[in-house]
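S.K.: Sequence first, predicted coordinates after that:
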Amino acid sequence: GAGVSQSPSNKVTEKGKDVELRCDPISGHTALYWYRQSLGQGLEFLIYFQGNSAPDKSGLPSDRFSAERTGGSVSTLTIQRTQQEDSAVYLCASSLSRAQGNIQYFGAGTRLSVL
Amino acid sequence: AQSVTQLDSQVPVFEEAPVELRCNYSSSVSVYLFWYVQYPNQGLQLLLKYLSGSTLVKGINGFEAEFNKSQTSFHLRKPSVHISDTAEYFCAVSEKQGYSTLTFGKGTMLLVSP
């Protein structure tokens, strides 16, 4: 596609429910990243995928968070048993290659509100 | 590990005035440097980048930034701002090795008034 696509753009859920956020990266980009943007914490790295390598999960805040990337393309971020502190904008980015200087292109984000 | 400090959380300025948004970073390894802009309810858009070479880099919308290795700074400047430049600006770094993630500053809100 022309850019990184994220869905839904907004998600309202009740505390304790599970949510799935989707990211469709730019076609041909081998690396995919998830970040979280919240008022108190700014922009935080969550997880990234590079080709067929094991993902770097070092930024996931708890075991309620998980992500997968199918076929080296679309990625889904899952938050189980959501809590109010999970409310944030979840941003996805993709990048092409090391030669490009790791330039990451971002989607518009999913705004998650946990009531 | 890296860290990024944006010294100003908010910068108010009048239209057509010059502006400088400050960014300092800390890293034990060589890094790439970026400025991203975020307009309300939108994602991050790459404004400019420093990968190597000339320390003065030019980006979109008339912005430029200068990499100063000795001061570990990468300040963003524009000689004359427009109302439409009102947005949040994020400075970020990533390690030169591998597919490193971005480490962001807290952001600076640029408020341009008539």
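M.R.: Yep, it's here. Numbering: from 1, shown residues only, chains lettered A, B, ... in the order given.
S.K.: Just give me the neighbour total for the nearest residue in space to B:Lys106 that is not next to it in sequence.
M.R.: The shortest distance from B:Lys106 to any non-neighbouring residue, by CB to CB, 6 or more residues apart in numbering or on different chains, is to A:Gly42 (4.6 Å). All C-beta spots, glycine's among them, are computed from the backbone N, C-alpha and C. Residues near A:Gly42, counting by other CB atoms under 10 Å in any protein chain shown, number 16.
S.K.: beta partners for the spatially most central residue of chain B?
M.R.: Centroid check for chain B by CA atoms, centre = their mean gives B:Trp35 as the closest residue, at 3.4 Å. On the basis of DSSP bridges, B:Trp35 is bridged to B:Leu48, B:Cys91.
S.K.: hang on, it packs against B:Ala87?
M.R.: No - here B:Trp35 lies out of contact with B:Ala87, judged by CB atoms under 8 Å, at a distance of 11.3 Å.
S.K.: The chain: strands as residue ranges?
M.R.: Using chain A here. For chain A, strands defined by DSSP state E occupy the ranges A:5-7, A:10-13, A:19-24, A:31-38, A:42-50, A:65-69, A:75-79, A:88-95, A:105-106, A:110-114.
S.K.: that's the wrong chain, I wanted chain B
M.R.: Assigned by DSSP E, chain B shows strands spanning B:2-5, B:10-14, B:19-21, B:24-27, B:31-38, B:44-50, B:56-58, B:64-68, B:73-78, B:87-95, B:103-104, B:108-113.
S.K.: centre of the chain versus the shortest one, how much separation?
M.R.: Just to be clear, that refers to strand B:103-104. Centroid displacement of strand B:103-104 relative to its chain, using CA atoms, centre = their mean, to the nearest Å, is 11 Å.
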